[in-house]
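K.L.:
sequence plus the predicted model coming up.
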Amino acid sequence: MRLIQDDACDMTTVESARYDWVVATFLCCVLPAGLQTQAIAQFERVLKPGGRFRLLEMVYSKNPALRRRQDLFAPFVEKVYGARFDRDTHRHLLNHAGLRITAQNFLKHDTYLLIEGEKIG
């Protein structure tokens, strides 16, 4: 097994179509939309056909009380961590025809979203 750490938007040291897995925790929620697109394109490029990805992201809750709390802390979270709850990683993944989402599950409330998928063909 080989673990690689690299710039998710560039990955110049990572070979194309070679890896079985891409795992990212709270990455896309800190990337602006344009950089999300770049990072996801790199995930697609480095995965083998049938390779899998697993992304854990923060999203806005549909629960009004929890959403109010998120709205209260959102400026702090963005200033300190650069993260936002409105990055919409799911939509960005759908724009990459070579990737397919296979499962989505919330790990805590409806705010910590685990998105799983694979590279097609």
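P.N.:
Thanks, I have it.
K.L.:
could you use CA atoms for every contact and neighbour count after this?
P.N.:
Will do.
K.L.:
what about Phe106, neighbour count?
P.N.:
15 (other Cα atoms under 10 Å).
K.L.:
quick check: closest non-adjacent residue to it.
P.N.:
Leu113 (4.5 Å; Cα to Cα, 6 or more residues apart in numbering).
K.L.:
other SSEs contacting the top strand by length along the chain?
P.N.:
The longest strand of the chain (DSSP state E) is strand 47-58. Strand 47-58 sits against strand 19-25, strand 112-119, with contacts defined as 3 or more Cα pairs under 8 Å, 6 or more residues apart in numbering; DSSP states H and E.
K.L.:
now do the helices in the protein.
P.N.:
Counting by DSSP state H, one finds helices in the chain at the ranges 33-46, 64-81, 89-94.
K.L.:
of all the ones you listed, which one is nearest Glu57?
P.N.:
helix 89-94 (7.8 Å; Cα to Cα).
K.L.:
next one: the closest one to chain centre, how far?
P.N.:
Centroid separation for helix 89-94 versus its chain: 8 Å, with Cα atoms, centre = their mean, to the nearest Å.
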